[in-house]
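Asks: okay, predicted coordinates and the sequence, questions at the end:
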Amino acid sequence: HLATSLPLPSERDHLRPRIDLIVFMIDIKSKYSLQNVEASLAHVDANFFLGKVCFLVTGVGRVNYCSVETNAIWKLGEVYCSPVLFCELELEGIRVATAQRLLRMLQICAGHIPGVSALSFGTLMRNSADD
């Protein structure tokens with residue numbers, strides 16, 4: 001399910017499936033994109049930041065057109081203890097690899113991978129980013 005911002009409309013709460021993973025997409029070419037994500041973060045329950053949120057930054061192949069500082073995005077990841085993924089959606093190979101990675105993250109967050117929890121997965125992602 002996709003939403004352009006949070007909070008989600010309450011009139012369909014009874015029809016909404018359980019939310020296992022929230023992926024905040026940030027277009028590196030748009031300051032509005034980052035501002036929208038920052039405003040939406042206030043509507044996410046704190047428990048989701050224990051391995052069930054990630055930031056997906058798109059448009060990274062166009063460094064000359066960046067309107068958002070990557071340091072600001074890394075800081076979001078640190079503040080909210082959530083992984084940051086960078087990708088270029090226009091390149092099929094990267095788009096497919098990113099989709100597979102997000103699907104694997106979703107499987108873990110939904111509890112479909114025995115022995116791996118969303119919390120431990122988030123810790124592993126942060127540790128690998130530090131290397």
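Replies: Structure received.

Asks: show me where pLDDT drops low in this protein?
Replies: Applying pLDDT under 70 to the chain flags the ranges 62-64, 121-131.

Asks: quick one: the strands in it?
Replies: Remark: strands assigned in the chain by DSSP state E are 22-27, 53-58, 84-87.

Asks: nearest to residue 65, out of the ones you listed?
Replies: Closest of the strands of the chain to residue 65 is strand 22-27, at 10.1 Å (criterion: C-beta to C-beta). All C-beta atoms are positioned from the backbone trio N, CA, C, and that covers glycine.

Asks: before we move on, back to that, go through the strands of the chain and pick out the most buried.
Replies: Compared across those, strand 53-58 shows the largest average neighbour count, a mean of 22 (mean count of other C-beta atoms under 10 Å).

Asks: what's the single longest helix in this structure?
Replies: The residue-count maximum for a helix in the chain (DSSP state H) belongs to helix 92-109.

Asks: many thanks, we can stop here.
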